[in-house]
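>>> model this:
(one chain, ligands or ions: 1)
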Amino acid sequence: MILETIVSTINQKREVNFAPFGIKKKSKDVIISPYIPSITLQNLRDNNCAVINYIDDASFYVNCILGKKNFKKKKTQIIDGFFLENSLSYDEVVVKKIIEDSVRPSFICEVVKSVSKKKYDGHNRAKAAIIEACILASRVKLLKKKKILDELNYLSIGVEKTAGNLEKKSWEKIKNFILGKINESK
Ligand SMILES: Cc1cc2nc3c(=O)[nH]c(=O)nc-3n(C[C@H](O)[C@H](O)[C@H](O)COP(=O)(O)O)c2cc1C
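Below you'll find the predicted structure:
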């Protein structure tokens, strides 16, 4: 199973970077598999640690895609890093093994601390649809225009039926971002 999360890492200047990543869990390990190149990948190589932030507020995924990543953060306890203040929970992880690959290496990480902060209030289809749209946004260059428009159209059903105000705004932001990218490139 793949779990959608926001991974925070730091660079050599201790500047934090947040990015959405689908992670896997295997026994007590977390596996992060970033395509080459990415900031997260470089930070994992340089510092050997990360924070896996679990968050059900889809606006954070949208803002990552839009490059608006100046999120409130707090210092972690065990590793040198920061967690997302709005996360429901987070894992501090340390890289214990790298499986090298020319396209997408895998970082096998040990969880050294798990923190639960807030209650999870249940699944919302609009939030799931917005996260799907964020994945579409990160793949615009790889997909045909018709497929992107068809998928956006389908995802909009769940948004129209179940979104709150924040989700409505987030949906508009990510939809307009995707439409802008399509018009730029196709
Ligand atoms: C929900 C979601 C899951 C993602 N999972 C991955 C992943 O597992 N591996 C990856 O390389 N990119 C993944 N991406 C795309 C990265 O977030 C994207 O490439 C990002 O720009 C990397 O950021 P960075 O360069 O700041 O590390 C995902 C995007 C979204 C929206």
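>>> wait, does the one helix or strand residue 62 maps to contact the ligand?
If you go by DSSP states H and E, residue 62 is part of helix 59-65. Yes - Helix 59-65 lies within reach of the ligand by CB under 6 Å from any ligand atom, at residue 61. C-betas here are computed from N, CA, C, even on glycine.
>>> need the contact list for residue 22.
Shown in contact with residue 22 (CB atoms under 8 Å, 6 or more residues apart in numbering): 2-5.
>>> for the protein, what helix or strand is lowest in average pLDDT?
helix 165-185 (a mean of 95; mean pLDDT, DSSP states H and E).
>>> are that one and the ligand in contact anywhere?
No - interface with the ligand: helix 165-185 contributes nothing (CB under 6 Å from any ligand atom), its closest point being 9.4 Å away.
>>> quick check: the residue nearest the centre of the chain vs residue 90, distance?
For the chain, residue 20 is the residue whose C-alpha lies nearest the centre (CA atoms, centre = their mean; 1.4 Å). According to CB to CB, to the nearest Å, residue 20 stands 14 Å off from residue 90.
>>> who does the least confident helix or strand of the chain touch, helix- and strand-wise?
Using 3 or more CB pairs under 8 Å, 6 or more residues apart in numbering; DSSP states H and E, the elements in contact with helix 165-185 are helix 59-65, helix 125-137, helix 145-162.
>>> can I get those helices in CSV including mean neighbour count, mean pLDDT and distance to residue 178?
As requested, the helices and strands packed on helix 165-185 are exported to CSV (neighbours: other CB atoms under 10 Å; pLDDT from 0 to 100; distance: least, CB to CB, whole Å):
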stretch, mean neighbour count, mean pLDDT, distance to residue 178
helix 59-65, 22, 98, 9
helix 125-137, 21, 98, 5
helix 145-162, 15, 97, 6
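>>> quick one on the thing from earlier: how about the least confident helix or strand of the chain: buried residues?
Judged by neighbour count using 16 or more other CB atoms under 10 Å, the buried positions of helix 165-185 are 167, 170-171, 173-175, 177-178.
>>> done for today, thanks.
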